[in-house]
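Student: Make a model of this:
(one chain, ligands or ions: 1)
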Amino acid sequence: MKAIVFSKYGTPDGLELREVDKPVLRDDEVLIKVHAASVNDWDWGLLRGKPFLIRLLFGLLKPKINILGLDVAGQVETVGRNVDKFQPGDEVFGDISECGFGGFAEYVCARENALALKPASMTFDEAASIPHAAMLAIQGLRDKGQIQAGQKLLINGAGGGVGTFGVQIARLKDVEVTGVDSSGKLDMLRSLGFDHVIDYTQEDFTKNGQCYDLILDVKTNRSTFDYARALSPGGTYVTVGGSLTRVFQALVLGPWISMISKKKIRIVALKPNKDLGYVTELFEAGKVKPVLDGPYKLSEAPQAIRYLGEGSHKGKVIIAMEHDSKT
Ligand SMILES: NC(=O)c1ccc[n+]([C@@H]2O[C@H](COP(=O)([O-])OP(=O)(O)OC[C@H]3O[C@@H](n4cnc5c(N)ncnc54)[C@H](OP(=O)(O)O)[C@@H]3O)[C@@H](O)[C@H]2O)c1
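Tutor: Take a look at the predicted model:
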(Lines give C-alpha, C1' and ligand atoms only; values in the text may rest on other atoms or scores of the structure.)
Protein backbone atom coordinates (compact mmCIF):
# COMPACT_ATOMS: atom_id res chain seq x y z
CA MET A 1 0.00 0.00 0.00
CA LYS A 2 1.02 3.64 -0.34
CA ALA A 3 1.73 5.62 2.82
CA ILE A 4 3.34 8.87 3.89
CA VAL A 5 6.29 7.75 5.99
CA PHE A 6 8.78 9.56 8.24
CA SER A 7 11.68 8.15 10.23
CA LYS A 8 13.11 11.18 12.03
CA TYR A 9 11.77 14.35 13.61
CA GLY A 10 12.00 17.34 11.31
CA THR A 11 10.05 19.24 8.69
CA PRO A 12 7.46 18.14 6.11
CA ASP A 13 10.41 17.77 3.66
CA GLY A 14 11.29 14.57 5.56
CA LEU A 15 7.93 12.96 4.70
CA GLU A 16 8.01 10.46 1.83
CA LEU A 17 5.29 8.77 -0.18
CA ARG A 18 6.37 5.11 -0.14
CA GLU A 19 5.13 1.61 -0.90
CA VAL A 20 4.98 -0.27 2.46
CA ASP A 21 3.41 -3.50 3.75
CA LYS A 22 -0.24 -3.39 4.76
CA PRO A 23 -0.59 -3.39 8.58
CA VAL A 24 -1.13 -6.77 10.23
CA LEU A 25 -4.57 -7.21 11.81
CA ARG A 26 -4.88 -8.14 15.51
CA ASP A 27 -7.86 -10.05 16.92
CA ASP A 28 -9.57 -6.97 18.36
CA GLU A 29 -8.99 -4.76 15.31
CA VAL A 30 -10.51 -4.02 11.94
CA LEU A 31 -8.50 -3.31 8.80
CA ILE A 32 -9.82 -0.12 7.21
CA LYS A 33 -9.42 0.86 3.58
CA VAL A 34 -8.88 4.57 4.24
CA HIS A 35 -10.81 6.96 2.00
CA ALA A 36 -10.03 10.20 3.82
CA ALA A 37 -8.00 11.48 6.76
CA SER A 38 -7.72 14.91 8.32
CA VAL A 39 -4.65 16.74 9.58
CA ASN A 40 -4.36 17.72 13.25
CA ASP A 41 -2.07 19.69 15.49
CA TRP A 42 -0.79 16.32 16.81
CA ASP A 43 0.53 15.45 13.31
CA TRP A 44 2.39 18.75 13.12
CA GLY A 45 3.83 18.30 16.62
CA LEU A 46 4.78 14.64 16.11
CA LEU A 47 6.49 15.36 12.81
CA ARG A 48 8.69 18.02 14.41
CA GLY A 49 9.10 16.35 17.83
CA LYS A 50 7.89 19.59 19.41
CA PRO A 51 7.00 20.42 22.13
CA PHE A 52 9.55 18.23 23.95
CA LEU A 53 6.75 16.36 25.71
CA ILE A 54 6.06 14.69 22.34
CA ARG A 55 9.54 13.11 22.45
CA LEU A 56 8.91 11.82 25.97
CA LEU A 57 5.72 10.16 24.72
CA PHE A 58 6.74 9.02 21.23
CA GLY A 59 10.53 8.50 21.30
CA LEU A 60 13.36 10.70 22.52
CA LEU A 61 15.65 10.63 19.47
CA LYS A 62 13.44 9.20 16.77
CA PRO A 63 9.69 8.66 16.51
CA LYS A 64 8.21 5.26 17.39
CA ILE A 65 5.37 6.11 15.00
CA ASN A 66 6.28 6.25 11.31
CA ILE A 67 2.93 7.05 9.73
CA LEU A 68 1.03 10.09 10.99
CA GLY A 69 -2.73 10.63 10.80
CA LEU A 70 -5.25 10.05 13.57
CA ASP A 71 -8.63 11.09 12.12
CA VAL A 72 -9.76 8.57 9.51
CA ALA A 73 -12.82 7.55 7.52
CA GLY A 74 -13.03 4.48 5.31
CA GLN A 75 -14.48 1.09 4.66
CA VAL A 76 -13.91 -2.01 6.78
CA GLU A 77 -11.93 -4.52 4.70
CA THR A 78 -11.38 -7.34 7.22
CA VAL A 79 -12.27 -7.87 10.89
CA GLY A 80 -10.28 -9.61 13.63
CA ARG A 81 -11.73 -12.71 15.26
CA ASN A 82 -12.83 -10.87 18.45
CA VAL A 83 -14.60 -8.05 16.62
CA ASP A 84 -18.38 -8.11 16.80
CA LYS A 85 -19.37 -4.47 16.18
CA PHE A 86 -18.39 -4.26 12.49
CA GLN A 87 -18.28 -6.39 9.38
CA PRO A 88 -16.50 -6.08 6.04
CA GLY A 89 -18.06 -3.36 3.92
CA ASP A 90 -19.13 -1.13 6.85
CA GLU A 91 -18.25 2.54 6.44
CA VAL A 92 -16.60 3.83 9.60
CA PHE A 93 -14.80 6.83 11.04
CA GLY A 94 -12.92 7.67 14.21
CA ASP A 95 -9.90 9.04 16.08
CA ILE A 96 -7.26 6.29 16.04
CA SER A 97 -4.65 8.14 18.14
CA GLU A 98 -4.90 5.45 20.82
CA CYS A 99 -4.33 2.74 18.16
CA GLY A 100 -0.92 4.03 17.02
CA PHE A 101 -1.87 6.61 14.37
CA GLY A 102 -1.24 5.56 10.72
CA GLY A 103 -4.10 7.31 8.89
CA PHE A 104 -2.01 8.89 6.13
CA ALA A 105 -1.98 5.58 4.27
CA GLU A 106 -4.24 3.50 2.08
CA TYR A 107 -4.94 1.02 4.90
CA VAL A 108 -4.83 1.19 8.68
CA CYS A 109 -5.80 -1.09 11.56
CA ALA A 110 -7.82 0.23 14.50
CA ARG A 111 -9.60 -1.25 17.51
CA GLU A 112 -13.35 -1.40 17.08
CA ASN A 113 -13.96 0.85 20.09
CA ALA A 114 -12.20 3.72 18.28
CA LEU A 115 -14.71 3.65 15.44
CA ALA A 116 -18.33 4.49 14.71
CA LEU A 117 -20.53 3.78 11.70
CA LYS A 118 -20.52 6.60 9.14
CA PRO A 119 -24.01 7.54 7.99
CA ALA A 120 -24.59 7.27 4.24
CA SER A 121 -25.42 10.99 4.00
CA MET A 122 -21.95 11.95 5.30
CA THR A 123 -19.04 11.96 2.83
CA PHE A 124 -15.76 10.31 3.80
CA ASP A 125 -14.13 13.77 3.74
CA GLU A 126 -16.73 15.10 6.17
CA ALA A 127 -16.41 12.05 8.41
CA ALA A 128 -12.61 12.36 8.58
CA SER A 129 -12.92 15.98 9.71
CA ILE A 130 -15.05 15.21 12.74
CA PRO A 131 -13.48 12.99 15.41
CA HIS A 132 -10.73 15.05 17.02
CA ALA A 133 -11.96 18.62 16.51
CA ALA A 134 -15.67 18.07 17.12
CA MET A 135 -14.98 16.04 20.30
CA LEU A 136 -12.76 18.85 21.64
CA ALA A 137 -15.44 21.44 20.84
CA ILE A 138 -18.25 19.43 22.45
CA GLN A 139 -16.28 18.40 25.51
CA GLY A 140 -14.99 21.97 25.91
CA LEU A 141 -18.32 23.77 25.54
CA ARG A 142 -20.73 21.25 27.03
CA ASP A 143 -18.77 19.23 29.61
CA LYS A 144 -16.20 21.74 30.90
CA GLY A 145 -17.95 24.98 29.91
CA GLN A 146 -21.52 23.90 30.75
CA ILE A 147 -22.74 26.29 28.08
CA GLN A 148 -26.18 27.78 28.68
CA ALA A 149 -28.68 29.83 26.70
CA GLY A 150 -28.30 33.58 27.06
CA GLN A 151 -24.54 33.48 27.57
CA LYS A 152 -21.86 35.51 25.81
CA LEU A 153 -19.28 33.09 24.41
CA LEU A 154 -15.87 33.84 22.87
CA ILE A 155 -13.84 31.30 20.88
CA ASN A 156 -10.14 32.15 20.59
CA GLY A 157 -8.57 30.54 17.50
CA ALA A 158 -12.01 30.30 15.92
CA GLY A 159 -11.14 29.56 12.30
CA GLY A 160 -9.63 26.08 12.68
CA GLY A 161 -11.17 22.70 13.37
CA VAL A 162 -12.37 23.21 16.95
CA GLY A 163 -13.69 26.73 16.38
CA THR A 164 -15.68 25.93 13.24
CA PHE A 165 -17.38 22.99 14.98
CA GLY A 166 -17.61 25.00 18.21
CA VAL A 167 -19.73 27.81 16.80
CA GLN A 168 -22.20 25.33 15.34
CA ILE A 169 -22.48 23.46 18.63
CA ALA A 170 -22.84 26.74 20.53
CA ARG A 171 -25.60 27.78 18.11
CA LEU A 172 -27.74 24.90 19.37
CA LYS A 173 -28.27 27.15 22.41
CA ASP A 174 -29.29 30.78 22.18
CA VAL A 175 -25.84 32.28 22.80
CA GLU A 176 -24.02 35.34 21.45
CA VAL A 177 -20.75 34.14 19.93
CA THR A 178 -17.56 36.09 19.24
CA GLY A 179 -14.74 34.55 17.19
CA VAL A 180 -11.08 35.58 17.34
CA ASP A 181 -8.73 34.79 14.47
CA SER A 182 -6.62 36.45 11.77
CA SER A 183 -8.11 38.88 9.25
CA GLY A 184 -8.28 36.44 6.31
CA LYS A 185 -10.68 34.17 8.21
CA LEU A 186 -13.15 36.72 9.54
CA ASP A 187 -15.59 36.58 6.58
CA MET A 188 -15.72 32.79 6.89
CA LEU A 189 -16.42 33.14 10.64
CA ARG A 190 -19.30 35.57 9.98
CA SER A 191 -20.78 33.21 7.39
CA LEU A 192 -20.62 30.36 9.93
CA GLY A 193 -22.76 32.25 12.43
CA PHE A 194 -20.34 34.17 14.65
CA ASP A 195 -22.18 37.34 15.80
CA HIS A 196 -18.92 39.27 16.30
CA VAL A 197 -15.38 38.75 15.05
CA ILE A 198 -12.06 40.07 16.32
CA ASP A 199 -8.80 40.17 14.35
CA TYR A 200 -6.20 39.21 16.94
CA THR A 201 -3.50 41.06 15.01
CA GLN A 202 -5.41 44.32 15.58
CA GLU A 203 -7.12 43.85 18.93
CA ASP A 204 -6.47 42.00 22.19
CA PHE A 205 -9.84 40.69 23.39
CA THR A 206 -8.56 40.50 26.97
CA LYS A 207 -7.91 44.25 26.97
CA ASN A 208 -10.88 45.76 25.13
CA GLY A 209 -13.20 46.05 28.14
CA GLN A 210 -15.59 43.31 26.97
CA CYS A 211 -16.42 40.38 29.25
CA TYR A 212 -17.67 36.90 28.39
CA ASP A 213 -19.57 34.24 30.33
CA LEU A 214 -17.61 31.50 28.60
CA ILE A 215 -14.29 31.51 26.74
CA LEU A 216 -13.20 28.46 24.71
CA ASP A 217 -9.50 28.76 23.90
CA VAL A 218 -7.69 26.79 21.20
CA LYS A 219 -4.43 28.78 21.37
CA THR A 220 -3.86 29.58 25.10
CA ASN A 221 -1.28 32.21 24.26
CA ARG A 222 -2.00 34.68 27.08
CA SER A 223 -1.62 34.66 30.84
CA THR A 224 -4.38 33.07 32.94
CA PHE A 225 -4.87 36.45 34.66
CA ASP A 226 -5.64 38.06 31.26
CA TYR A 227 -8.27 35.42 30.55
CA ALA A 228 -9.77 35.79 34.04
CA ARG A 229 -10.06 39.55 33.46
CA ALA A 230 -12.06 38.93 30.27
CA LEU A 231 -14.58 36.75 32.14
CA SER A 232 -17.88 38.07 33.52
CA PRO A 233 -18.49 37.45 37.25
CA GLY A 234 -18.99 33.67 37.64
CA GLY A 235 -17.73 33.08 34.08
CA THR A 236 -15.76 30.06 32.87
CA TYR A 237 -12.54 29.87 30.83
CA VAL A 238 -11.90 26.53 29.10
CA THR A 239 -8.63 25.74 27.33
CA VAL A 240 -8.39 22.85 24.87
CA GLY A 241 -4.69 23.43 24.20
CA GLY A 242 -2.04 25.75 22.81
CA SER A 243 1.08 26.94 24.62
CA LEU A 244 1.98 24.21 27.12
CA THR A 245 3.49 26.78 29.50
CA ARG A 246 0.24 28.74 29.50
CA VAL A 247 -1.86 25.58 29.93
CA PHE A 248 0.34 24.62 32.90
CA GLN A 249 -0.14 28.12 34.31
CA ALA A 250 -3.92 27.67 34.02
CA LEU A 251 -3.62 24.34 35.84
CA VAL A 252 -1.66 25.87 38.71
CA LEU A 253 -3.46 29.22 39.01
CA GLY A 254 -6.96 28.02 38.15
CA PRO A 255 -7.99 26.74 41.62
CA TRP A 256 -6.60 29.88 43.26
CA ILE A 257 -8.43 32.23 40.84
CA SER A 258 -11.65 30.26 41.35
CA MET A 259 -11.29 30.63 45.13
CA ILE A 260 -10.88 34.38 45.15
CA SER A 261 -13.15 35.37 42.25
CA LYS A 262 -15.65 32.53 41.63
CA LYS A 263 -14.45 32.53 38.01
CA LYS A 264 -13.68 29.03 36.77
CA ILE A 265 -10.55 28.00 34.85
CA ARG A 266 -10.82 24.56 33.25
CA ILE A 267 -8.72 22.32 31.00
CA VAL A 268 -10.10 19.78 28.54
CA ALA A 269 -8.54 16.31 28.60
CA LEU A 270 -9.93 14.85 25.40
CA LYS A 271 -11.95 11.65 25.64
CA PRO A 272 -11.46 10.37 22.07
CA ASN A 273 -14.56 9.34 20.14
CA LYS A 274 -16.87 9.67 23.16
CA ASP A 275 -19.43 11.84 21.35
CA LEU A 276 -19.25 10.50 17.79
CA GLY A 277 -22.86 9.27 18.06
CA TYR A 278 -24.02 12.72 19.18
CA VAL A 279 -22.24 14.51 16.29
CA THR A 280 -23.66 11.99 13.84
CA GLU A 281 -27.18 12.84 15.08
CA LEU A 282 -26.47 16.57 14.74
CA PHE A 283 -25.07 16.04 11.25
CA GLU A 284 -28.06 14.02 10.13
CA ALA A 285 -30.40 16.67 11.54
CA GLY A 286 -28.56 19.30 9.46
CA LYS A 287 -27.33 21.10 12.59
CA VAL A 288 -23.60 20.55 12.06
CA LYS A 289 -21.78 20.77 8.73
CA PRO A 290 -17.98 20.38 8.73
CA VAL A 291 -15.90 23.16 7.17
CA LEU A 292 -13.43 21.44 4.84
CA ASP A 293 -10.16 22.72 3.41
CA GLY A 294 -8.97 20.56 0.50
CA PRO A 295 -9.03 17.70 -0.20
CA TYR A 296 -5.34 17.12 -0.83
CA LYS A 297 -4.07 13.93 -2.45
CA LEU A 298 -2.04 11.51 -0.29
CA SER A 299 1.07 12.55 -2.24
CA GLU A 300 0.36 16.15 -1.21
CA ALA A 301 0.22 15.32 2.52
CA PRO A 302 3.56 17.07 3.26
CA GLN A 303 2.17 20.36 1.87
CA ALA A 304 -1.14 19.81 3.69
CA ILE A 305 0.66 19.28 7.02
CA ARG A 306 2.85 22.35 6.48
CA TYR A 307 -0.27 24.36 5.57
CA LEU A 308 -1.93 23.40 8.86
CA GLY A 309 1.25 24.05 10.84
CA GLU A 310 1.55 27.54 9.37
CA GLY A 311 -2.09 28.22 10.31
CA SER A 312 -3.30 29.30 6.85
CA HIS A 313 -6.11 26.71 6.72
CA LYS A 314 -9.83 27.21 7.34
CA GLY A 315 -11.70 24.49 9.25
CA LYS A 316 -10.28 21.00 8.73
CA VAL A 317 -7.53 20.09 6.25
CA ILE A 318 -8.51 16.89 4.41
CA ILE A 319 -6.38 14.26 2.69
CA ALA A 320 -8.33 12.01 0.32
CA MET A 321 -6.92 8.67 -0.89
CA GLU A 322 -7.01 7.68 -4.54
CA HIS A 323 -7.09 3.88 -4.46
CA ASP A 324 -6.17 2.25 -7.73
CA SER A 325 -7.82 -1.00 -8.79
CA LYS A 326 -4.91 -3.19 -7.54
CA THR A 327 -5.20 -2.08 -3.88
N1 LIG B 1 -6.99 18.86 25.41
C2 LIG B 1 -6.66 17.79 24.73
O3 LIG B 1 -6.74 16.66 25.21
C4 LIG B 1 -6.20 17.98 23.31
C5 LIG B 1 -6.00 16.90 22.47
C6 LIG B 1 -5.61 17.15 21.17
C7 LIG B 1 -5.40 18.45 20.72
N8 LIG B 1 -5.58 19.49 21.58
C9 LIG B 1 -5.41 20.90 21.19
O10 LIG B 1 -6.52 21.30 20.44
C11 LIG B 1 -6.14 22.39 19.62
C12 LIG B 1 -6.52 22.09 18.18
O13 LIG B 1 -7.38 23.07 17.72
P14 LIG B 1 -7.74 23.21 16.18
O15 LIG B 1 -7.71 21.87 15.55
O16 LIG B 1 -8.93 24.04 16.08
O17 LIG B 1 -6.47 24.03 15.65
P18 LIG B 1 -6.30 24.74 14.26
O19 LIG B 1 -7.17 24.11 13.24
O20 LIG B 1 -4.83 24.85 14.03
O21 LIG B 1 -6.91 26.21 14.53
C22 LIG B 1 -6.26 27.19 15.29
C23 LIG B 1 -6.70 28.55 14.78
O24 LIG B 1 -6.14 29.56 15.63
C25 LIG B 1 -5.69 30.64 14.83
N26 LIG B 1 -4.68 31.39 15.56
C27 LIG B 1 -3.31 31.32 15.45
N28 LIG B 1 -2.74 32.18 16.32
C29 LIG B 1 -3.76 32.78 16.98
C30 LIG B 1 -3.79 33.76 18.01
N31 LIG B 1 -2.68 34.29 18.53
N32 LIG B 1 -4.98 34.17 18.46
C33 LIG B 1 -6.14 33.66 17.96
N34 LIG B 1 -6.17 32.73 16.98
C35 LIG B 1 -4.99 32.29 16.51
C36 LIG B 1 -5.20 29.96 13.56
O37 LIG B 1 -5.24 30.84 12.43
P38 LIG B 1 -4.07 31.85 12.01
O39 LIG B 1 -2.78 31.11 12.11
O40 LIG B 1 -4.45 32.28 10.60
O41 LIG B 1 -4.14 32.99 12.94
C42 LIG B 1 -6.24 28.87 13.37
O43 LIG B 1 -7.34 29.34 12.61
C44 LIG B 1 -4.64 22.55 19.76
O45 LIG B 1 -4.39 23.58 20.68
C46 LIG B 1 -4.21 21.22 20.33
O47 LIG B 1 -3.06 21.31 21.08
C48 LIG B 1 -5.99 19.26 22.85
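
Student: Now do the contacts for the residue in the chain positioned nearest to the ligand.
Tutor: In the chain, the residue found nearest to the ligand is residue 160; the distance is 1.8 Å by C-beta to the nearest ligand atom. For every residue, glycine as well, the C-beta is placed using N, CA and C. Contacts for residue 160 (C-beta atoms under 8 Å, 6 or more residues apart in numbering) come out as 133, 181, 218, 311, 313, 314, 315, 316.

Student: Among the residues you listed, name the ones in helices.
Tutor: Using DSSP state H, the members of these that fall in helices are residue 133.

Student: which of the contacts of residue 160 lies closest to residue 240?
Tutor: The nearest member of the contacts of residue 160 to residue 240, counting by C-beta to C-beta, is residue 218 at 5.7 Å.

Student: In contact with the spatially closest residue to that closest one that is not a sequence neighbour, which residues?
Tutor: Closest residue in space to residue 218, ignoring its immediate chain neighbours: residue 157 at 3.2 Å, by C-beta to C-beta, 6 or more residues apart in numbering. Contact analysis of residue 157 by C-beta under 8 Å, 6+ apart lists 163, 180, 181, 217, 218, 219, 242.

Student: The second one reaches residue 153, doesn't it?
Tutor: Spelled out, it's residue 180. No. If you go by C-beta atoms under 8 Å, residue 180 and residue 153 don't touch, sitting 11.4 Å apart.

Student: can you list the domains in this structure?
Tutor: 2-130+290-320, 133-267 (automatic domain parsing).

Student: Excluding covalently adjacent residues, which one is nearest to the most centrally placed residue in the chain?
Tutor: Among the residues of the chain, the one closest to the centroid is residue 133, at 2.8 Å (C-alpha atoms, centre = their mean). In this structure, residue 133 finds its nearest non-sequential neighbour in residue 161, 3.0 Å apart by C-beta to C-beta, 6+ apart.

Student: Run a quick neighbour tally on that neighbour.
Tutor: Burial measure for residue 161: 30 neighbouring residues, criterion other C-beta atoms under 10 Å.

Student: ditto for residue 3
Tutor: 26.

Student: ok, it - contacts?
Tutor: With the criterion set at C-beta under 8 Å, 6+ apart, residue 3 makes contact with 17, 18, 20, 67, 102, 104, 105, 106, 298.

Student: Can I get the buried part of these as one PyMOL selection?
Tutor: The PyMOL selection below is limited to those of these classed as buried (16 or more other C-beta atoms under 10 Å):
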select buried, resi 17+67+102+104+105+106+298
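
Student: can you put the contacts of residue 3 in JSON lines and add pLDDT?
Tutor: Converted to JSON lines, the contacts of residue 3 look like this (pLDDT from 0 to 100):
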{"residue": "17", "pLDDT": "98"}
{"residue": "18", "pLDDT": "97"}
{"residue": "20", "pLDDT": "98"}
{"residue": "67", "pLDDT": "98"}
{"residue": "102", "pLDDT": "98"}
{"residue": "104", "pLDDT": "98"}
{"residue": "105", "pLDDT": "98"}
{"residue": "106", "pLDDT": "98"}
{"residue": "298", "pLDDT": "98"}
